[in-house]
Every structure is written in structure tokens, then in C-alpha cells.
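Participant: Just need the structure, nothing else, for what follows:
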Amino acid sequence: MEKSRLAIIVSHPIQHFVHLYRALAAVPSIELRVFFCSNRGVKKYFDRNMGVEIRWESDLLGGYESEFLPEANDISDVGFWFINNPSITEKLDSFRPDVVQIHGYAQMTLLRAWLWCFLHGVPVLLWSDSSLLFRRGAAKHAIKKIVLGLFLKRVGAVLSTGDNNANYYRYFGVPEDKIFRCPFTVDEEGLDRARMARADITKTMRAQLGIPHSAFVFLFVGKLMPLKRPRDILEALLLMREQRRLGVDTRVVFAGDGVLRGELESFASEHQLPTVFAGFVNLERLPKVYAMADALVFPSDREAYGLSAREAICVGLPLIVSDQIGCVGKTDAARPNENALVYPAGNVAALADAMAQVRDNPSLAASFSDASIRIAGEMHVEASVRGFLAAVSAVTGRGRPR
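Facilitator: Coordinates of the predicted model:
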């Protein structure tokens, strides 16, 4: 069997991607090598938005072949000019890939790789989580449409994370037969284990956090920063109290840290709101945090995809999400009125209504929970591998790899 030599180029080891890499590495017809531009994530780094030093306490490198580019130790950020690895051309010359997958196009190394592929006649697979939810000014948007349209014409195929992402590619002129659905992968094994042990986890975790076992727990997972709009949840709780809809058994857990934490804690304390600030939660503990909750609230006003929603459905959580979350769609992770209530971003009254509706309607919550589990099954890593291999087959002309 002839193998397709696949090179993946990405800024650094990212916890959500490694599950796809391991699955691709197990495909007999694929010879995979992942090139990392920096070593963020495997060594400690300071996250400015989170306000804490981060090092992921999980194996991000096992199960697939990878290497760090020679400049990796000297790269401390992921911006366009920071991710600049001239060595990528030499590495590609040596590996001689049949197809190259790049993660986006907003870093110098990725453009270097794209140019190498163009000069050597090697097809490129493009992955990004871009959507049309956020628009630039008219002039910038017009320029982007022209430039990106030309760039995409030189791409063999695109890997679509979901509905909004696919619509983005269509808008910029990518034909339907070059769009391949490749859902975001997550720690399905850890999340499935947490779902199966949910009763025990709920009892233990709530005791640790000082939450009554009978409480209805809303969960926020993410950085406590303005664009995530965590304060909207506190404002919604205050409104629910004023409307006599809060109830004594409601809690909100904030799993994350960031620049707004002090402000949020002060507001919650001042108004005696039923909240728990759990701080930064590392990957190994995160499935249990999802499992002890009853619903996920995702209020961001700008979210390219929304991976916490993708994770939350694996344990069966109903979703309450703003309309600016990229994973909202009829065939995506957050499906309106199927497993998710969607409200206009920034509309605190609508958020309060959605929270009360999920909490006070057990049959709705149960229906959404069942739907979340089913949808998570549809987005299993196997679906991501199928989409990826179909794209490889399309651009190499070698038939569907198995």
C-alpha cells in the first residue's frame, strides 16, 4: 500500500488538535509528521488574558511523529511576525510530503510553507476556524475578500470545522467540492469517562466547591476577559433575583481566570450572588468540572468556534450560548432548540430568560442533554478522520486512504 506523506504545520502543541493527530497516525496509509513552530504549551508561558502562568498537565506529544522547528525555543508569542521559522522550507525539502496541512494563514511560517508547496506542486489543505460572524470595516473587508480569494484559489482543499466556518469559505469563493467537514476533536475518552461516572463526580466535586448536591449549577469555562462577557452571567443572576426567579438552589461556577476576576468577585460579593470562582482548571481536571454541572453558559460576543461547548456536549450538558459563538449551527455542536438556547450577545434579559427556562423545565433540560450526547457522537474523532482523509484523497488523486 502506497502511503501519503502528510506534513502538518502548526504554531505549537494545542491540546485539542493532538487527538486528531493520534488518530491520523494510526491510519496505515498515512505517514504523518507534525512540525511545531514553537514550544508553547509544553513549557510554561504567561497567558496575558488569563493572568496566570500555564503549562498543560497532559501529554501533548505522544502517539504521533512530530518535531519542533529549530527556532521553536526562541518564539514566545503566536502573532504573525513572531511565528517565523525560515527552517520550514528545509524541513519540507527533507520530508518530501505529498500533501501539507497548515493551520490558518496569519503567520509567516504558514505563508512560507504555502509558498514552498506552490513552488513544488504540493497540494495544501487549509484549516481555520474563521467565520462571518465578525466583520471588519468596509474597506478592510473589501481588500480581504480580494486577497483571501486569490489565496484560497491556490489551496487544494479546506477542512471545515462546522457550519459557520463552511459558510465563510463559500463566501470567499471556495467551491463545494473543495470543502471537507472535519469537526474539532476533544478529549473524548476523558469526557466519556466523566459522563459515565457523573453521579459520583457530582457528589465529590460539589462537596469540594461547597455547592449543595441539589443545586442547579450553571458553568462558565474560559478566560475572564471582556470579550467573553462573564459579567453578563452575574447581571443575569441579579435580574433573576429582582424578578423573583433566582431560587435558593441556583449556583454559577466560573472555571477560568483572567483580568476581570477581581471585578467579578467584588460584584458577586457585593450583591451576594450564588457564585463559585474555581480559577484556572487544567486539562486533566476539566472533564470532572463539566460533569458536576447542569448546563453550560457561553456569553461571548466574539468567539471563533467555542471549544468549551464542544467539550460540554460530550458529558451531556444543555447549552446556553450567544449568537456570536462559531459552533452554533444546524449540524454543529450547538444546535438551536435541539440542545441549545441561543440568545443575542449582550442581551442580559434574554440570557436570564434562557437560564430560567433550562433550570425550571426539567423535561427541556433532559431533552437537550440527550441531544448533546447524540450530537457529540456524530462529531466523534472518526468523523474528523473521515473528512480529513477524504480531503487528502481529493488533492492527491490516490483514492480514499484507509
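Participant: And the strands in the stretch 201-350 of the chain?
Facilitator: Under the criterion DSSP state E, counting those that start in this stretch, the stretch 201-350 of the chain contains strands at 216-221, 250-255, 275-279, 295-298, 319-322, 340-343.
Participant: average model confidence for the helix or strand hosting Ala371?
Facilitator: Per DSSP states H and E: Ala371 is located in helix 362-378. Across helix 362-378, pLDDT averages out at 98.
Participant: And the contacts of stretch 142-160?
Facilitator: Contact with stretch 142-160 is made by 99, 101, 105, 114, 118, 123-128, 136, 166, 169, 172-174, 178-182, 387-388, 391, 394-395, as judged by CB atoms under 8 Å, 6 or more residues apart in numbering. C-beta: built from backbone N, CA, C; applies to glycine.
Participant: Put the buried members of those residues into a PyMOL selection.
Facilitator: Those of these that count as buried under 16 or more other CB atoms under 10 Å are selected in PyMOL with:
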select buried, resi 99+101+105+114+123+124+125+126+127+128+166+169+172+174+178+179+180+181+182+387+388+391+394+395
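Participant: Okay, and which of the contacts of stretch 142-160 map to strands?
Facilitator: Counting by DSSP state E, the part of the contacts of stretch 142-160 found in strands is Val99, Gln101, Val124, Leu125, Leu126, Trp127, Ile179, Phe180, Arg181.
Participant: So which of these is the closest to Pro70?
Facilitator: When these are ranked by distance to Pro70 (CB to CB), Gln101 comes first, at 20.9 Å.
Participant: Return the residues in contact with the closest one.
Facilitator: Contact analysis of Gln101 by CB under 8 Å, 6+ apart lists Leu6, Ala7, Ile8, Ile9, Val124, Leu125, Leu126, Trp127, Leu159.
Participant: which one of the ones in strands among the contacts of stretch 142-160 sits closest to Tyr64?
Facilitator: Gln101 (13.0 Å).
Participant: where does the closest one sit relative to Pro318, distance-wise?
Facilitator: Distance, Gln101 to Pro318, by CB to CB, to the nearest Å: 34 Å.
Participant: wait, what's in contact with Arg40?
Facilitator: Counting by CB under 8 Å, 6+ apart, Arg40 makes contact with Ser11, His12, Pro13, Ile75, Ser76, Val78.
Participant: Could I have the buried ones of those residues as PyMOL selection syntax?
Facilitator: In PyMOL, this line selects whichever of the contacts of Arg40 come out buried by 16+ other CB under 10 Å:
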select buried, resi 11+12+13+75+78
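Participant: Let's have the contacts of Arg40 in TSV, adding pLDDT and distance to Glu189.
Facilitator: Converted to TSV, these look like this (pLDDT from 0 to 100; distance: CB to CB, whole Å):
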residue	pLDDT	distance to Glu189
Ser11	93	25
His12	92	23
Pro13	92	18
Ile75	86	31
Ser76	79	32
Val78	78	27
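Participant: Widest-spaced pair of the contacts of Arg40?
Facilitator: It's Pro13 and Ser76 that sit farthest apart of the contacts of Arg40, by CB to CB, at 15.1 Å.
Participant: quick one on the thing from earlier: between the contacts of Arg40, which sits nearest Val381?
Facilitator: Pro13 (17.3 Å).
Participant: can you pull the pLDDT of the closest residue to Leu260 other than its chain neighbours?
Facilitator: Spatially, and ignoring its direct neighbours in sequence, Leu260 is nearest to Leu224 (4.3 Å; CB to CB, 6 or more residues apart in numbering). With respect to pLDDT, Leu224 scores 96.
Participant: wait, doesn't Leu224 sit right on Gly262?
Facilitator: No: in this structure Leu224 lies outside contact range of Gly262 using CB atoms under 8 Å: 9.2 Å.
Participant: More neighbours: those two, which one.
Facilitator: Set Leu224 next to Gly262 and count neighbours by other CB atoms under 10 Å: Leu224 wins out with 26 against 12.
Participant: low-scoring stretches of this protein, by residue?
Facilitator: 1, 43-57, 135-136, 398-402 (pLDDT under 70).
Participant: Could you pull up the contacting residues of the residue lying closest to Phe220 once chain neighbours are set aside?
Facilitator: Excluding the flanking residues, the one nearest Phe220 by CB to CB, 6+ apart is Phe254, at 4.9 Å. The contact partners of Phe254, taken as CB under 8 Å, 6+ apart, are Phe220, Leu224, Pro230, Ile233, Leu264, Thr275, Val276, Phe277, Ala278.
Participant: mind checking how far the residue nearest to Ser372 when sequence neighbours are not counted is from Phe368?
Facilitator: Nearest non-adjacent residue to Ser372, counting by CB to CB, 6+ apart: Ile313, 3.8 Å away. Noted for Ile313: a distance of 10 Å to Phe368, by CB to CB.
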